[in-house]
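Trainee: no FASTA, just this:
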């Protein structure tokens, strides 16, 4: 009969321990989706240290879920590998809904909703600046011409000086080049403002047919999402960024 000391040794590789720990994490919460996005394992003799990065289901108490995953991963890895696993280090990297949210389709028996379009800004400040500058220049020029034609007074010094300066400076002079570049840049900005809708702080909603158009303020959506995420047990600081098509949430475990 061969004694146990003569049968050789069994070595469990770190790769096998990682596979076991990842599968154990996926089955830790029955009926809920737990995804191991990263697993590391270190085997030292008969002892194994396991660390996992997880995406947990939402909504669920984060602290309770992490505790269940730690216990199950340590026990399951210990059972299948035969190694001593004191505990599993768990880092939560994401919260994911159990099922994707369904988009609302068109009402039954009715027409499809029109696509939501961004609200157009009235651009009050650019319009006021451009209108004020044009009115000031044109008004001053008209007033000076009227003084010369009706009252027989000499032209204003600023108009005579401007004409003299322009007559002595060509298109290649630096002041003229800079002035032309500034005018072109100003025109480009005005064109961009004219063809873009603006109102980025508002999120338009797809209204029912023959109904008024509604919009939500991004700050209100951000505050509501932050409040909902903060209600999850184990969540500390929350940062929310609201885009046009998705909401990015970064949460830190307390």
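Mentor: Nice, I can see it. Values in this document were obtained by computation on a predicted structure and should not be read as measured data. Numbers count the residues shown, from 1 in each chain.
Trainee: tell me the SS of the nearest residue to residue 198 once chain neighbours are set aside?
Mentor: Leaving aside its sequence neighbours, residue 198 sits nearest to residue 121 (Cβ to Cβ, 6 or more residues apart in numbering; 3.0 Å). (C-beta placed from N, C-alpha, C; glycine too.) What DSSP: H, G, I helix; E, B strand; the rest coil gives for residue 121 is coil.
Trainee: do residue 53 as well
Mentor: Classified using three-state DSSP, residue 53 is strand.
Trainee: measure it to residue 75 for me?
Mentor: Per Cβ to Cβ, to the nearest Å, residue 53 is found 20 Å from residue 75.
Trainee: and what of residue 16?
Mentor: Counting by Cβ to Cβ, the gap from residue 16 to residue 75 is 17 Å.
Trainee: Of the two, which one has the most company?
Mentor: Neighbour count, other Cβ atoms under 10 Å: between residue 16 and residue 75, residue 16 has more, with 17 against 14.
Trainee: before we move on, which element is the more buried one in?
Mentor: Using DSSP states H and E, residue 16 sits within helix 14-26.
Trainee: right, and the residue nearest to residue 198 touches residue 195 too?
Mentor: No - Residue 121 is beyond contact range of residue 195, at 12.0 Å (criterion: Cβ atoms under 8 Å).
Trainee: Bridge partners for residue 52, pull those for me.
Mentor: residue 39, residue 90 (DSSP bridges).
Trainee: Neighbours of the residue nearest to residue 198, how many?
Mentor: Residue 121, neighbours per other Cβ under 10 Å, totals 15.
Trainee: cool, and residue 37?
Mentor: Residues near residue 37, counting by other Cβ under 10 Å: 14.
Trainee: Name the residues that touch the helix or strand where it lies?
Mentor: Per DSSP H and E, residue 37 falls inside strand 35-44. The contact list for strand 35-44 (Cβ atoms under 8 Å, 6 or more residues apart in numbering) reads 12-14, 17-18, 21-22, 25-26, 48-55, 83, 93-94, 96.
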